[in-house]
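Undergrad: I'd like to go over a predicted model; first the sequence, then the structure.
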Amino acid sequence: MAEWSLPAVLDVISDAVPDRDMLVWGSTRRTFAEVKVRSQGLATFLAARGLGAYRERAELERWECGQAPVALVLYNRPEYLEAMVGCYRARTAPFNVNQHYRPAEMRGVLAMIGPRAVVYQRSLGPLVAEALGDRLHEVVLVDIDDGSGTQPLPGSTGFETAAATPVDPAALPVPSPEDLYVVCTGGTTGTPKAVLWQQADVFVAGMGGNPEATAESLAATATKGGGAWFAVPPLMHGAAQWTAFGGLLAGSTMVLHDDSRSFDARTILEVAAKERVTLMSIVGDAYARPLVDELRRTPYDLSSLHVLATGGAATNEQHKQALFELLPHVTIVDGYGASETGGMAFAPRTAAAPPQGFTPAAGALVLSADRTRFLTPGDDEVGWTARRGRVPLGYLGDRAKTEATFPIIDGERVSVPGDRAQLAADGTITMLGRDSMVVNTGGEKVFVEEVEEVLRRHPGVADALVVGRPSERFGEEVAAIVQPRAGATLDPAELRAFVAGELARFKAPRAVAICEQVARHPNGKADYAWAKSVAAEALDATAPLAQDDLGAPSSGFPEAG
């Protein structure tokens, strides 16, 4: 059975459908053949500057990188994916950097990984310069003219110049299936980490590749055509990259949009209609709710849309039902996964089908609470989601965390990302949430996502997050941060009663903060660090409060950022 590097798969696809649009971004359209040449040019440019692979995988520990890291600091645009492919062709290791970071945050990520090159768009150049500091002159800089009028950094080479470097394919290195795919976690619940995957593994586990793929089968799939895929979330996050490569490696056209502006449902739907998108990926309620509101205001021709994929954060049942009413022909696919596991489990659903549990992907399992055995269907135990086989090698530069999260059991790598779950009798998985976001209140464990889902069903609640905060009586107590719908007035005690009507009373929030907007990261995931800071000032929800105590919806709490 052949193992595949990502450039090797793309070469097969490009040869099979050279004239098909590969990347679409506004008025920019580039074919598979054009991107192949441009990415080879970038690879030649990087290789000429001594960047590539220095040590082979067999010489390295699981947490070590033997390839030159390349930081990508840019918004969604064709050059993001072209840069990734070009870096892989040069056997360098590109990695995502959140361009919304402040200089100190970006400095921490860059110091952790130590990039030898940075690909950035010019408007973000000052941020890159401040984050790199004295190291700016030590790295290869490649800039993208984004029309901002910002001048490139000293010594920087334009992306178009680098991509136009004359290519001698015979002089380029041959990528290995063991070459790295590096993805930085978002740091939603802790310090960002760099996850090291082998390309052959992420091709199967994260990008939907067939482990038994041959050149003939890849070409045949591409020739059939996979329509147009629209990765709506930012490419700086792994889930969007996996959607993008999942489509490209199947010969689909990848549609992108400019995410340098705030999420705008109208723009998204206009692009989806114009490009006759067949699959679109979103992130939970943060995307689903505004899409529903816009679809109710304005009709769009989305007859070509077959699949709406959602993951990264929970999508409330009421929003799914609304989408089915507005788009009855669409299949909604809930996906569960992590940077440390790839796509772990999926729950496809149509308008006529009742909700189902998650069906595990190959290698996906539930580990016992004590991490000594894998659960069998029907076990009542609350365990840990796990995956074995095609999983990451480890975390860059961190042996202890690598061995804790990616233990080797019976000679096989296993990934245990820290999420709680149960395995039902029919083999489906019930996801309960990340263990670090469990509130232990008086000895009872509360999974915050379960409470959040109920709160978002309240007719006056637009969005909600749940965290724990210190309590003298219970050790921890459940606190909710809620965003009211326009014109709604929310009472903390009534919200607590609403939750207690559906869940055990100990799960109902004992404190509620009402704010103008719940804070989420650009990819739609919850900003729990922000939520914990707001929870410190949350109001008591265990007794009715006078209207004067409630205050205006802003209540003086920090706004979302």
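TA: Perfect, I can see it now.
Undergrad: low-confidence ranges in the chain?
TA: 1, 186-190, 435-436, 443, 523, 543-561 (pLDDT under 70).
Undergrad: Distance from the chain centre to the longest helix along it, please.
TA: The longest helix of the chain (DSSP state H) is helix 32-48. Its chain's C-alpha centre and that of helix 32-48 lie 26 Å apart, by C-alpha atoms, centre = their mean, to the nearest Å.
Undergrad: which residues in the stretch 101-250 of the chain form strands?
TA: Assigned strands in the stretch 101-250 of the chain, in chain order: 117-121, 140-144, 157-158, 180-184, 194-198, 228-231 (criterion: DSSP state E, counting those that start in this stretch).
Undergrad: Can I get the first one in PDB, CA atoms only?
TA: Okay, so that is strand 117-121. Provided in PDB are the C-alpha atoms of strand 117-121 (Å, rounded to 0.1, in the frame of the first residue of the first chain):
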ATOM      1  CA  ALA A 117      10.900  32.200   6.800                       C
ATOM      2  CA  VAL A 118       7.600  34.200   7.000                       C
ATOM      3  CA  VAL A 119       5.000  34.600   4.300                       C
ATOM      4  CA  TYR A 120       2.800  37.600   5.200                       C
ATOM      5  CA  GLN A 121       0.500  40.200   3.600                       C
END
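Undergrad: who does that strand touch, helix- and strand-wise?
TA: Contact partners of strand 117-121 among helices and strands, from 3 or more C-beta pairs under 8 Å, 6 or more residues apart in numbering; DSSP states H and E: strand 69-73, helix 78-89, helix 125-132, strand 140-144. No exception for glycine: its C-beta is placed from N, CA and C like everyone else's.
Undergrad: Gln483: which of those is closest?
TA: helix 125-132 (29.0 Å; C-beta to C-beta).
Undergrad: Now do the closest one and strand 117-121, the angle between them.
TA: For helix 125-132 against strand 117-121, the angle by axes from the mean of the first three to the mean of the last three C-alpha atoms, to 10 degrees is 150 degrees.
Undergrad: Just the residues contacting helix 125-132, thanks.
TA: Contacts to helix 125-132, defined as C-beta atoms under 8 Å, 6 or more residues apart in numbering, come from residues 73, 99, 101, 103, 106-107, 110, 118, 120, 136, 139, 141, 143, 150-153, 156.
Undergrad: Check stretch 362-374 too.
TA: With C-beta under 8 Å, 6+ apart as the test, stretch 362-374 has contacts from 204-205, 211, 341, 344-345, 375, 379, 381-391, 414, 416, 421-423, 429.
Undergrad: how close does the residue nearest to the spatial centre of the chain get to Gly312?
TA: Geometric centre of the chain, nearest residue: Ala239, 3.3 Å, by C-alpha atoms, centre = their mean. Distance, Ala239 to Gly312, using C-beta to C-beta, to the nearest Å: 5 Å.
Undergrad: Check Trp384 too.
TA: 19 Å.
Undergrad: between the two, who's got more neighbours?
TA: Using other C-beta atoms under 10 Å, the more surrounded residue of Trp384 and Gly312 is Gly312, with 27 against 19.
Undergrad: who's in contact with the more buried one?
TA: Applying C-beta under 8 Å, 6+ apart, the residues near Gly312 are Pro233, His237, Ala239, Val283, Gly284, Asn523, Gly524, Lys525.
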